[in-house]
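Engineer: Need the 3D shape of this:
(one chain, ligands or ions: 1)
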Amino acid sequence: MSAVSPAPATAERPLVGSAPPSPAGPIEPGDAPELRPPPEVPLPRFRQVLAFSAREIEFVFRWRRELGEVFRFRGIIPGGPTITSHPDHVRSLFTADPEIVPSLTAESPLLPIVGPNSVLTANGPRHLRQRKLLLPPFHGEAIERYVAAITAIAEREIDSWPLNRPVALAPRMQAITLDVIASGILGTGGRARRGTPEHGLLETIKRLTALSTTPIAKLGELMNLGHREAVGLQRRALSILDHFTYGVIEQRRGDPDLEGREDILSLIMRARTDDGEALSDSEVRDELLTVILAGFETTANSLAWAWERLVRNPEAYEALREGVRSDEDAEGVVERVILETMRNRPVIPAIGRRVQVPWRLGDYRVEAGGPVTVSILLVHHREDVYPDPFAYRPERWIGRKPGTYEWIPFGGGTRRCLGASLAMAEQRVVLTAMARRLDIEAVDAEPERAQHRNVTMIPARGARVVIRSRRP
Ligand code: HEM
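Structural biologist: Now for the predicted structure:
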């Protein structure tokens, strides 16, 4: 994904366009006999698995170029997913009855960790129930309450960063997102205090994340493929995590102020279904780990990518710094940076559904039970939807709102990311504070490669920069 020198947007050549229509959706019995199975990647399965796991990005771009916008490959997902990158196909999956397009997260590597019943891994009525319970605490208005706390966390963190020597921003962003979790989700009123179960839980997560790219952790991950419950190393790591998680829950159940608390954990514990049912301790545990694990690395790396891109695109950086410092359209300029970063470097590059009935994707037919992967990365790099797709151009978004099926870093439909409002709020606050206070440069001109960690795509060197100066 190399940068291309910017060409100005003109009325004839806007920087956001549209795709030609392409029919998609369930096929009624006997309908559309002319549809063919999608073209397949013409390599032996083991080579596909290797190529995909080593270089997912190159793999999907290459085969889209050679086979078109719908193609099938044989990887580790049973059935061999069909990949699509057409917005109309995306719409067909996001707007369908969830019963006929269950999410592939039920088969994800997170399953042994968060269990089969969390909002991320459940499907059907169970998923809808969990989602309904969790929606209110993650609603945009509820998130507004945390903005002041996020600001204080970001400012404090920025104060501690070293000047004039290379720093990797990704771990610094993780520190911020972990403190936001401590404050907003666990309700610690700032950084978790040493010796508390909250501190133990967050420290364990931090350590396990740091370990997760090591060969031994990769081995642990491989051993767990296809398992519903953790085995081996992951099982041991999980028992430490559980010790602290249940500690947090037990303490909170005993808190005389539980009814008055505003943090997300307390809201989850107080939530009731329409029948008045509350979540059991093990359900609270699954949901708590889900929101923490789904939220902290994703947001941290999206912020890291923003800076990896900004320091290599001086015009975009200057526009951001100017906008924020002069307070002229500060909100607009920050929003455009977030939209363009999440388009150009979506932290989660793909999402999936398993169609329960035969499905049309343009000229092709996917059989019932087949997995369909939406490549967020490919949708976001369509030449027709985003002219000059590889260039980082926040000004694309001047006067434009992102399309529901064209800008999809948070997925969509009934599975759309539950933490999107929180992630957006964190990114706004942190980007604004950093652009206002810091002058940042790239350590080297070469863009950072994208590296894959579990389901995420992160900057390979952790977004290394030098901070030249800091304002009070
Ligand atoms: C920049 C940051 C983030 C990105 C890029 C992101 C992206 C995503 C994506 C792509 C999905 C799958 C959507 C689908 O299948 O259609 C998802 C689901 C989810 N995310 Fe996020 N996420 C982010 C931050 C967060 C945060 C901060 C939280 C919570 C604190 C969170 C909680 C969840 C949950 C619970 C789900 C499962 C929703 C469901 O299946 O109903 N995410 N996220």
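
Engineer: Which positions in this structure make contact with the ligand?
Structural biologist: Residues of the chain lying close to the ligand by C-beta under 6 Å from any ligand atom are 103, 119-120, 131, 290-291, 294-295, 298-299, 302, 347-348, 351, 409-412, 415-419, 422-423. Where you see a C-beta, it was placed from the backbone N, CA and C, and this is true even at glycine.

Engineer: buried subset of those?
Structural biologist: By neighbour count, with 16 or more other C-beta atoms under 10 Å, these hold 103, 119-120, 131, 290-291, 294-295, 298-299, 302, 347-348, 351, 409-412, 415, 417-419, 422-423 as buried.

Engineer: Out of those residues, which sit inside strands?
Structural biologist: Among those, the members found in strands (DSSP state E) are residue 351.

Engineer: Counting by contacts, list what the one helix or strand residue 207 maps to packs against.
Structural biologist: With elements taken from DSSP states H and E, the one containing residue 207 is helix 197-211. Packing partners of helix 197-211 (3 or more C-beta pairs under 8 Å, 6 or more residues apart in numbering; DSSP states H and E): helix 169-180, helix 232-253, helix 281-310.

Engineer: List the neighbouring strands of whichever strand in the chain runs longest plus their orientation.
Structural biologist: Secondary structure of the chain per DSSP E: the longest strand is strand 464-470. With DSSP bridges as the test, strand 464-470 is paired with strand 166-168 (antiparallel), strand 438-442 (antiparallel).

Engineer: buried stuff in that strand?
Structural biologist: Applying 16+ other C-beta under 10 Å to strand 464-470 flags 464, 465, 466, 467 as buried.

Engineer: what's the weakest-modelled helix or strand in this protein?
Structural biologist: helix 215-224 (a mean of 52; mean pLDDT, DSSP states H and E).

Engineer: Would you mind measuring from residue 261 to residue 354?
Structural biologist: 38 Å (C-beta to C-beta, to the nearest Å).

Engineer: Pick out whichever of those two has more residues nearby.
Structural biologist: residue 354 (22 against 15; other C-beta atoms under 10 Å).

Engineer: just to revisit the earlier point, is it possible to export the strands paired with strand 464-470 to TSV including mean pLDDT and mean neighbour count?
Structural biologist: Listed next are the strands paired with strand 464-470 as TSV, based on pLDDT from 0 to 100; neighbours: other C-beta atoms under 10 Å:
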stretch	mean pLDDT	mean neighbour count
strand 166-168	97	16
strand 438-442	98	17
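
Engineer: looking at those strands, which is closest to residue 159?
Structural biologist: With C-beta to C-beta as the criterion, residue 159 lies closest to strand 438-442 of the strands paired with strand 464-470, at 10.7 Å.

Engineer: Check which helices and strands the very next helix or strand once past the closest one sits against.
Structural biologist: As assigned by DSSP H and E, the chain's next helix or strand after strand 438-442 is strand 450-453. If contacts are counted by 3+ C-beta pairs under 8 Å, 6+ apart, strand 450-453 sits against strand 456-459.

Engineer: strands paired with the strand it packs on, and their directions?
Structural biologist: strand 450-453 (antiparallel).

Engineer: right, and residue 17 touches residue 386 too?
Structural biologist: Yes. Counting by C-beta atoms under 8 Å, residue 17 sits close enough to residue 386 to count as a contact (7.4 Å).

Engineer: Would you mind checking which of the helices and strands packed on helix 197-211 scores lowest on average pLDDT?
Structural biologist: Mean pLDDT is lowest for helix 232-253 among those, at a mean of 88.

Engineer: how far off helix 197-211 does it point, in degrees?
Structural biologist: Interaxial angle, helix 232-253 versus helix 197-211 (axes from the mean of the first three to the mean of the last three C-alpha atoms, to 10 degrees): 160 degrees.
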